[in-house]
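S.K.: sequence unknown, structure follows:
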C-alpha cells in the first residue's frame, strides 16, 4: 500500500512539473485566499495580545464598573464604533464612588469621565484632545509613572492637570510643561505633572494615556453639567478578595440604584477594551469574506484538473489497459489536486505573514502566528484539495478504457 501511494505521489508530482506555469497559477489562486485568512487572523491575534496585557497578573485584583444598556454585542456595534456614544446613558455618579470606597477589601476607587474636547494653549486651539476627569487613586490603577512634577492631589488647588508625554509635545512642544497653562471648557488649568511615555494605546480604560489630559473630577463636576462617568476602576487589597468584592459591588449598586441594572461589574479576563467583542465579530466577518477567495481558488484548481483529465485521456486508457483500477486513477488525480492545494497554502501562509509583518511596521502591535493558524491553513489545504479535486478525479476514474485509447489530442 505504501509503495502504491508513493507511486501515485511521484506520478502526480511529475505531471505537475510538466506544466509548471499552469501549476503555479492554480496554486496562486489558493495562496491568495490563504494569505487573506492568515493576514486577518495574525493581525487580530496581535490586537488581542495587546488587549490582553490589560488583564495580566498585575491587574488580577482589578474590578471595573461600566454602564450597560442591556444590549448584546451585536446590537452595540454602532455604539462601540463611536466609543463615547454608549456612555451617554450612564447612570454612574460621584456618590457611587464614595459608596464603593467603603466596601471591605477595596483599596482604591477611580472614576473616569472621558471627553474629546478642544483645549486652548496661547490662543492656539488643539482639537479633540482626550480630557479625562478622575481622582488621585487613578495613579495606582493605571500604574502611572511621572516624568516631571506630581499627580493630582486633593490638598492642592483644583484647577490643575497632569498630561501625557505626547500631549505635552503637542501642546507645549516638549515634556518641560510644569506650571504652563491651558484652557478647557472656559476654565484655565495649570500643568503640575507630565507622565512618562507609555506605548499602550489599547487598554481596559479605553483611552491612550500618552495623548490624554487628566483633571480633577470633583472640580470638573462644578462646571460640566453633562459630566458622565463612563467607568469606575476598583482595586482590591488582594487577588483573593476579588470574587467577594465583585458580588458586594453588584449588590450595593443595585441597592442604591433602586434595582436599576444599567451597569455591569466585570473582573478577571473580562477586564478588556470595550471594543474587544466587536473585534471578534469583525474578525469573523473578514475571515468569512476571505474564505470566498478560497472558493474561487478551489474552482480554479478544479478547472485545471478537468483540463488535465481531458488532455490525459489516452494515458488513462493505457493505464487501465495494463491493469490500473479505477481507484488507482482516482487517487492519482486526487493526489495532484491535494499537492496543488498544499503548495498554494504554503505560498499563502508565507505571503500572509510577510504582509502582516509589513503592516505591523506602521501599527502599535506585532502579528501573532500561532499553531492554531498553522492548523487552519493545513486543514484548509486538505479540504479544498479534496472538495475541488474529487469531481475531476471521479471523472478520470470513470472513463472507459477502450474509448480512452481511441482518443487523440
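M.R.: Yes, it's here. The model shown is predicted, which means the values in this text are computed figures rather than measured ones.
S.K.: State the distance from residue 38 to residue 10.
M.R.: 30 Å (C-beta to C-beta, to the nearest Å). C-betas here are computed from N, CA, C, even on glycine.
S.K.: Secondary structure element holding residue 380?
M.R.: helix 371-397 (DSSP states H and E).
S.K.: Give me the local confidence score for residue 96.
M.R.: As predicted, residue 96 sits at a pLDDT of 90.
S.K.: Tell me where the stretch 1-150 of the chain has strands.
M.R.: 62-67, 106-121, 124-134, 146-149 (DSSP state E, counting those that start in this stretch).
S.K.: closest one to residue 336 among the ones you listed?
M.R.: Closest to residue 336 of those, according to C-beta to C-beta: strand 62-67, at 55.6 Å.
S.K.: If you count contacts, what does the closest one end up packed against?
M.R.: Under the contact definition 3 or more C-beta pairs under 8 Å, 6 or more residues apart in numbering; DSSP states H and E, strand 62-67 sits against strand 231-236, helix 242-256, strand 263-267.
S.K.: which outside residues touch that strand?
M.R.: With contact meaning C-beta atoms under 8 Å, 6 or more residues apart in numbering, strand 62-67 is reached by 86-87, 89-92, 96, 100, 141, 204, 230-236, 242, 245-246, 249, 253, 262-267, 271, 274.
S.K.: what about 7 Å?
M.R.: For strand 62-67, the surrounding residues in contact (C-beta atoms under 7 Å, 6 or more residues apart in numbering) are 87, 89-92, 204, 230-236, 242, 245-246, 249, 262-267, 271.
S.K.: relative to strand 106-121, how tilted is that strand?
M.R.: Between strand 62-67 and strand 106-121, the angle comes out at 60 degrees (axes from the mean of the first three to the mean of the last three C-alpha atoms, to 10 degrees).
S.K.: Compute the inter-axis angle for strand 62-67 and strand 231-236.
M.R.: Angle of strand 62-67 versus strand 231-236, following the same axes, to 10 degrees, is 150 degrees.
S.K.: Let the chain start at 46 from now.
M.R.: Noted, 46 is the first residue going forward, which turns the last one into strand 107-112.
S.K.: Residue 398 versus the residue nearest the centre of the chain, what's the distance?
M.R.: Centroid-nearest residue in the chain: residue 89, 3.4 Å away (criterion: C-alpha atoms, centre = their mean). According to C-beta to C-beta, residue 89 and residue 398 sit 14 Å apart.
S.K.: Same check on residue 212?
M.R.: Distance of residue 212 to residue 398, given as C-beta to C-beta: 35 Å.
S.K.: out of the two, which sits in the busier spot?
M.R.: residue 212 (29 against 17; other C-beta atoms under 10 Å).
S.K.: And the pLDDT for residue 324?
M.R.: 64.
S.K.: just the one 10 residues further on next, same as before
M.R.: Among the per-residue scores, residue 334 holds a pLDDT of 75.
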